[in-house]
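[1] based on what follows, work out the 3D shape:
(one chain, ligands or ions: 1)
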Amino acid sequence: METKETKFIFVTGGVLSSLGKGICASSVGRLLKSRGYSIIIQKLDPYINIDPGTMNPFQHGEVFVTEDGGETDLDLGHYERFIDENLSKYNNFTSGKIYKNVIDNERKGEYLGSTVQVIPHVTDEIKKSIKKTLENKKVDIVITEIGGTVGDIESLPFLEAIRQFKKDIGRENVLYIHVTYIPFLKTSEELKTKPTQHSVKELRSIGIQPDIIICRSEIKLTDESKDKISLFCDVEKEAIIDAIDVKHIYEVPKMLQKEGLDSIAMYKLNLKYKPSNMENWNKLVKVINNLEGKVRIGIIGKYINLKDAYKSIIEALNHGGYFFKKNIEIKWINSEVLNLDNYENILMDIDGILVPGGFGVRGIDGKINAVRYARENKVPYLGICLGMQCAVIEFAINVLGLKDANSSEFNSKTKNPVIGLMIEQKGINEKGGTMRLGRYPCRLKKGSLAYKAYRKNMVYERHRHRYEFNNKYKQIMEDAGLKITGLYPEKKLAEIIEIENHPWFVAVQFHPEFKSRPDRTHPLFKDFIHAAIRRSQSVK
Ligand code: GLN
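    As a prediction, the model looks like this:
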């Protein structure tokens, strides 16, 4: 763990949550990477769960899966998409994980008889986890975002640890960025700086003096309000960064750069000046701002009121839109209401159908109905994880005539478990971290739609599931037109299926959405959107 040559940036949040702290951290990363510095971003979450893997998406949004199988916070998805680096499970620690390590160490007797306390034992463990990001990599800058808002009881040990960090490695190696909110009162037409003053006061009472304050606001900050924040928070006026609402998240780095954020960060961290190369990013933003026409994609899921549950899928679809310079219009369809009487009406005007991942039996029939509609009406279909399992079940029921075909996840007694548990998974009772997780190889079949998309023999994709295609049904399925076109060679597990005589029907057991980048659309999303565009043009 070499920290001598590494600089550390800590991003905290004030006033309220959902300010886009993750996007700010990601943007700082993008801007500094564009200046030639190597970057890694990490999130420290104050909750007690060991990881978000066991949390309901309603509470926490999507679980983002890393290459090494970490089940992490959705902000890691933003980090990867903005800085274009694969992160690992060490890039997300929770209080639960930190405390577990401390308690495990205590049981092993590693504290040599001392009383184990928040300071120094928990804070030391937090500092260790920050440095862990450097274990396999040497980077110039580690950016660590602290989840939650200053003032939360749970965040205290994290804030104390990052306070100590400066003392440990030297003032010039640490930068504190505080992201706050400046409300605009419409009635009096005033920007209010008081909540920010309070939040910084709280931070200072813990011993952290912010170096930069990023102010989220609806309208541009006035000179007067910047002066006020500067005076009360003891931060130079140039380091008060205005972050007004923009049209889309990929505009944020540019906006922050205009405010001088990366120059100030470099200056304060005593980093050698390097010119910025944001050319490609700016090109991307230009494309996004000039999209024409639209493609309608239907997403059939349980969490349609909480878009965060499908964050990476939405992003990957948008990336596909950027590639073809088209807007993606998502129609959210509640799987619990979709039935054979209404599915025609609901799905009629859609150019592509996507059934995403999910757990549990609720809404399964609706998803199977959506698959049936896509298959019979030749609507482009992309099935992801559960979306592939539903495609297999639908085919078994409606094409093979196996009326009770199901996944053993939904009916453990079915005579036709076309989706079932692998032997390795049988008998596992613990829920956390026990699925098939992370990166696995997949060999593609030449001539398939998947092969056409990737143009490679072997691809590597990220998984998060317990159930698998049951190879007992491989032959009859293939004979009837459902082909396995991607295989995990070592265990002969079906990773991709396609249905013949259909313009584009591809379903995958993995999660391609995690690997899509704004300027490098994932090949499957690219071809799915392409097929949807073709359909939209032929239907008109
Ligand atoms: N519930 C299914 C399984 O565990 C699918 C999981 C998913 O879609 N991520 O296999």
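[2] secondary structure element holding the nearest residue to residue 502 once chain neighbours are set aside?
    Spatial nearest neighbour of residue 502, excluding adjacent residues (Cβ to Cβ, 6 or more residues apart in numbering): residue 378 at 5.6 Å. (Glycine included, C-beta is placed from N, CA and C.) Assigned by DSSP states H and E, residue 378 belongs to neither a helix nor a strand.
[3] next, count neighbours for residue 378.
    By other Cβ atoms under 10 Å, 15 other residues sit near residue 378.
[4] that one reaches residue 531, doesn't it?
    No: using Cβ atoms under 8 Å as the test, residue 378 is too far from residue 531 to be in contact (10.0 Å).
[5] let me know the pLDDT of the residue nearest to the spatial centre of the chain.
    Nearest to the mean C-alpha position of the chain, by Cα atoms, centre = their mean, lies residue 77 at 2.8 Å. With respect to pLDDT, residue 77 has a value of 97.
[6] what helix or strand does it sit in?
    According to DSSP H and E, residue 77 maps onto helix 75-83.
[7] what is the least confident helix or strand in the chain?
    Between all helices and strands in the chain, the lowest mean by mean pLDDT, DSSP states H and E belongs to helix 57-60, at a mean of 80.
[8] residues from the protein in reach of the ligand?
    Taking Cβ under 6 Å from any ligand atom, the part of the chain that reaches the ligand is made up of 357, 358, 359, 385, 386, 409, 464, 465, 466, 467.
[9] might you report the residue contacts of the residue nearest to the centre of the chain?
    Residue 77 sits next to 62, 64, 311, 312, 315, 514 when contact means Cβ atoms under 8 Å, 6 or more residues apart in numbering.
[10] ok, it to the ligand distance?
    Between residue 77 and the ligand the distance is 15 Å, computed by Cβ to the nearest ligand atom, to the nearest Å.
[11] need the contact list for the closest residue to that residue other than its chain neighbours.
    Of all residues not flanking residue 77 in the chain, residue 64 sits nearest, at 4.4 Å (Cβ to Cβ, 6+ apart). Residues in contact with residue 64, defined by Cβ under 8 Å, 6+ apart, are 71, 72, 73, 74, 75, 76, 77, 80, 311, 312, 514.
[12] would the last one count as being in a helix?
    Which is residue 514. Yes: under DSSP: H, G, I helix; E, B strand; the rest coil, residue 514 falls within a helix.
[13] coming back round to it: between residue 378 and residue 531, what contacts are shared?
    Shared contacts of residue 378 and residue 531, defined by Cβ under 8 Å, 6+ apart, comprise residue 503.
[14] quick one, strands of the stretch 101-250 of the chain?
    Residue ranges of the strands in the stretch 101-250 of the chain, as given by DSSP state E, counting those that start in this stretch, are 141-146, 174-181, 184-185, 190-191, 212-217, 240-244.
[15] low-confidence stretches in the chain?
    Counting by pLDDT under 70, the chain shows low-confidence ranges at 1-4, 423-433, 539-540.
[16] as a quick check, tell me the outermost residue of it.
    Max distance from the centre of the chain (Cα atoms, centre = their mean): residue 113, 41.5 Å.
[17] next one: phi and psi at that residue?
    phi 90, psi 0 (degrees, to the nearest 10).
[18] can you tell me how far it is from residue 496?
    Per Cβ to Cβ, to the nearest Å, residue 113 is found 56 Å from residue 496.
[19] again, but for residue 256
    Applying Cβ to Cβ to residue 256 and residue 496 gives a distance of 40 Å.
[20] looking at these two, which is more packed in?
    The neighbour comparison of residue 256 against residue 496 (other Cβ under 10 Å) goes to residue 496, with 31 against 22.
[21] with just CA atoms, put the longest helix anywhere in the chain into CSV.
    Taking DSSP state H as the criterion, the chain has its longest helix at helix 523-539. Provided in CSV are the C-alpha atoms of helix 523-539 (Å, rounded to 0.1, in the frame of the first residue of the first chain):
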residue,chain,number,x,y,z
PRO,A,523,-22.5,-4.2,-28.6
LEU,A,524,-25.7,-5.9,-27.5
PHE,A,525,-27.4,-2.6,-26.7
LYS,A,526,-26.1,-1.1,-29.9
ASP,A,527,-27.6,-3.9,-32.0
PHE,A,528,-30.8,-4.0,-30.0
ILE,A,529,-31.4,-0.3,-30.6
HIS,A,530,-30.5,-0.8,-34.2
ALA,A,531,-33.1,-3.5,-34.6
ALA,A,532,-35.6,-1.2,-32.8
ILE,A,533,-34.8,1.6,-35.2
ARG,A,534,-35.4,-0.7,-38.1
ARG,A,535,-38.7,-1.7,-36.7
SER,A,536,-39.8,1.9,-36.0
GLN,A,537,-39.0,2.7,-39.6
SER,A,538,-40.8,-0.3,-41.1
VAL,A,539,-43.9,0.2,-39.0
